[in-house]
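Peer 1: here's a sequence, model it:
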Amino acid sequence: MAANGEFSFRSSSMKGRNGLPKIHTDKRAEDVESKSEICHDDSATPVKAQTLDELHSLQMKKSAPTTPIQAAQGPFAEEDRHKQQLQSISASLASLTRETGPKVVKGDPARTTAETPRVPAASHVHHFEPTLDISDSGLKFTHILYNLSPAELYEQAIKYEKGSFITASGALATLSGAKTGRSPRDKRVVKDETTEDLWWGKGSPNIEMDEHTFLVNRERAVDYLCSLEKVFVNDQFLNWDPEHRIKVRIVSARAYHSLFMHNMCIRPTPEELESFGTPDFTIYNAGQFPCNRYTHYMTSSTSIDLNLARREMVILGTQYAGEMKKGLFSVMHYLMPKRGVLSLHSGCNMGKDGDSPIRLILTSLIVLCFVGTGKTTLSTDHNRYLIGDDEHCWSENGVSNIEGGCYAKCIDLSREKEPDIWNAIKFGTVLENVVFDEHTREVDYSDKCVTENTRAAYPIEFIPNAKIPCVGPQPKNVILLACDAFGVLPPVSKLTLAQTMYHFISGYTALVAGTEDGIKEPTATFSACFGAAFIMLHPTKYAAMLAEKMQKHGATGWLVNTGWSGGSYGSGSRIKLAYTRKIIDAIHSGELLEANYTKTDVFGFQIPTEVEGVPAEILDPANTWGDKNAHKETLLKLGGLFKKNFEGFLSYKIGTDTKLTEEILAAGPNF
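Peer 2: You can find the predicted model right below:
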């Protein structure tokens with residue numbers, strides 16, 4: 001700065017770009033060369049972009065596989081792969097009446113044409129000459145948002161889907177619309193030659209429809225999806241066992257659904273995605289669009305339809321994402337047993353030392369809405385590797401998780417009780433139907449004003465001790481979980497093989513007052529194979545497979561009750577979660593195999609006389625009831641309910657002869 005206070009410019013040996021002097025803010029110009037305190041220097045090379053759009057395009061670089069693709073090489077290889085991928089997607093969206101798929105192009109239609117070029121149909125678009133008169137839909141492109149990342153799906157959801165917000169933890173909160181749970185009465189399966197061996201009739205979850213009606217609904221869904229400017233397409237896998245892996249394609253209209261399935265299915269590597277090819281099964285989720293209630297077999301505006309011959313599923317009239325997850329589980333319940341692989345509604349984990357036996361936790365239909373009572377909670381254990389929390393296959397290779405994520409209930413969730421699940425709710429997780437503070441975005445997990453069925457869907461690797469890949473050795477323990485609101489089942493019972501089959505087929509739990517309208521006292525509920533809503537074959541088929549595998553691999557069966565003790569619901573108290581954890585720890589450590597046992601009345605359970613960390617008096621329910629006569633009456637009542645439920649299975653043979661069937665019948669309640 002000169003003596004008069006003005007800035008001075010030094011240009012002798014300190015010139016900037018194009019000969020312009022560099023600007024200094026020193027009070028003494030002569031100090032500049034020694035101190036080099038340069039405030040501004042415009043000598044950096046300018047960006048090459050000529051427009052703001054071009055500049056923004058430099059923010060993001062194109063993803064590329066981390067290892068070379070083992071496929072055709074050469075200047076046209078990438079173009080051929082791109083063309084084949086789009087042809088496959090277009091074929092999936094082909095209309096049955098027009099006999100052609102839509103013209104498809106990758107990319108977001110909201111971006112400029114410079115970012116998402118619309119290439120000529122001949123080079124990159126699956127195209128047939130239409131056999132009928134062309135319609136407006138034949139003139140448009142359908143933009144395919146293909147296997148987007150969570151960050152990209154966040155942007156789509158927040159920008160275009162009302163009710164989508166980022167919560168304080170980073171999870172995406174969203175709404176599933178009018179339906180906040182599954183609609184089992186609206187789920188249908190095409191009855192044809194392929195499905196003659198399915199479980200049909202009384203007690204079955206499979207409601208029949210004909211193929212014509214399925215195709216009508218499929219056309220309605222496909223036409224809706226093709227009418228949109230953009231659809232989301234996920235190409236993913238089911239089953240971590242590579243020998244029994246299934247390729248699935250999910251076509252949906254919402255970013256929420258795409259992110260949900262990104263989390264719940266197994267995410268392919270870039271190399272696997274490049275060579276994905278034709279899917280083994282396809283879901284068309286047009287849930288925002290209702291079915292036509294005047295269509296044959298339709299009883300509401302909602303329909304979830306499975307066609308096992310076509311390997312397709314159509315969803316109309318419900319946006320609840322769980323329909324996709326459980327629909328695929330039903331598909332696996334059909335496909336896997338045909339390969340000699342047992343599919344199970346189960347959680348699974350294994351010891352960290354590599355020697356501890358794996359434990360396979362089966363759960364009943366727990367509708368009490370208490371967090372910390374089911375398989376997700378008990379399979380998530382700091383001291384053990386998590387293989388999965390909900391769906392598994394048991395093959396000659398061991399056990400394998402069907403899914404790539406976890407779907408945890410959130411009602412009354414707390415950091416103290418469920419730290420692993422709490423910490424998994426972060427960026428990338430989908431939170432369904434939760435309530436949060438409008439300013440802080442902190443979630444109130446106790447608020448059930450939208451629904452009690454609040455859920456979190458997150459990738460399994462969000463659990464710190466998840467075992468990746470999600471496979472394990474042959475199980476040594478099979479644990480059946482029941483929540484007995486009558487308060488007469490022991491906290492733990494060691495089962496014979498026949499008893500294991502009996503209680504596996506029964507699938508008992510109990511509803512309590514307040515869970516459904518009109519329920520004033522505990523009500524027994526039986527869900528065959530602990531997942532009747534999802535099984536496709538008769539329960540005895542799965543039971544015979546379970547018996548065979550347990551015998552072959554020397555697995556022990558256990559019944560663990562997480563329900564009431566000292567009386568029924570309303571008079572007794574809930575068995576503490578800490579006690580249940582101690583019991584399960586004693587099972588997989590081998591402690592209970594060496595314990596002393598006594599036999600109970602009616603059910604004939606073998607119950608241990610002591611378990612470390614568990615009060616001995618609660619191990620036998622008869623000791624905890626003050627009114628012994630009331631205990632006896634309640635025990636006989638529950639035994640009668642078991643017998644009545646099992647009458648539906650008496651005419652089915654289990655195994656290769658009648659011997660096992662007779663043993664299983666004898667393993668039930670005995671008066």
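Peer 1: ok now do A173, which residues does it touch?
Peer 2: For A173, the contacting residues are S164, F165, I166, T167, L431, V434, F436, R441, V443, by C-beta atoms under 8 Å, 6 or more residues apart in numbering. Using the backbone N, CA and C atoms, a C-beta is placed for each residue, glycine as well.
Peer 1: for these, give me JSON lines that also has pLDDT, neighbour count and distance to E396.
Peer 2: Supplementary listing: the contacts of A173 in JSON lines, determined by pLDDT from 0 to 100; neighbours: other C-beta atoms under 10 Å; distance: C-beta to C-beta, whole Å:
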{"residue": "S164", "pLDDT": "96", "neighbour count": "21", "distance to E396": "44"}
{"residue": "F165", "pLDDT": "96", "neighbour count": "16", "distance to E396": "47"}
{"residue": "I166", "pLDDT": "98", "neighbour count": "15", "distance to E396": "45"}
{"residue": "T167", "pLDDT": "97", "neighbour count": "20", "distance to E396": "43"}
{"residue": "L431", "pLDDT": "98", "neighbour count": "22", "distance to E396": "39"}
{"residue": "V434", "pLDDT": "95", "neighbour count": "25", "distance to E396": "42"}
{"residue": "F436", "pLDDT": "95", "neighbour count": "20", "distance to E396": "47"}
{"residue": "R441", "pLDDT": "96", "neighbour count": "15", "distance to E396": "48"}
{"residue": "V443", "pLDDT": "96", "neighbour count": "22", "distance to E396": "43"}
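Peer 1: show me which pair in the residues you listed is furthest apart.
Peer 2: Taking C-beta to C-beta as the measure, the contacts of A173 reach their widest spread between S164 and V443, a distance of 14.2 Å.
Peer 1: residues in a beta bridge with the nearest residue to E432 once chain neighbours are set aside, which ones?
Peer 2: Beyond its immediate neighbours in the sequence, the residue positioned closest to E432 (C-beta to C-beta, 6 or more residues apart in numbering) is R455, lying 4.4 Å away. Counting by DSSP bridges, R455 forms beta bridges with K409, E432.
Peer 1: ok, R455 - how many residues close by?
Peer 2: R455 sits with 22 neighbouring residues when counted by other C-beta atoms under 10 Å.
Peer 1: residue contacts, it?
Peer 2: G322, Y407, A408, K409, C410, L431, E432, N433.
Peer 1: for L273, state which of those residues is nearest.
Peer 2: Using C-beta to C-beta as the measure, the one of those that approaches L273 most closely is Y407, at 23.5 Å.
Peer 1: might one say that that closest one is in contact with E391?
Peer 2: No. Under the contact definition of C-beta atoms under 8 Å, Y407 does not touch E391, with a separation of 9.5 Å.
Peer 1: who has more neighbours, these two?
Peer 2: A count of neighbours by other C-beta under 10 Å puts E391 above the other of Y407 and E391, at 27 against 22.
Peer 1: dihedrals phi and psi, the closest residue to that one other than its chain neighbours?
Peer 2: Among residues not flanking E391 along the chain, I402 sits closest, at 4.0 Å (C-beta to C-beta, 6+ apart). Backbone torsions of I402, given as degrees, to the nearest 10, read phi -80, psi -30.
Peer 1: now do the contacts for the residue nearest to M298 when sequence neighbours are not counted.
Peer 2: Of all residues beyond its chain neighbours, the one nearest M298 is C291 (5.4 Å), with distances taken as C-beta to C-beta, 6+ apart. C291 makes contact with N217, R220, M298, S301, T302, S303, L316, G317, according to C-beta under 8 Å, 6+ apart.
Peer 1: quick check: the gap between C291 and G570.
Peer 2: Taking C-beta to C-beta, to the nearest Å as the measure, C291 falls 42 Å from G570.
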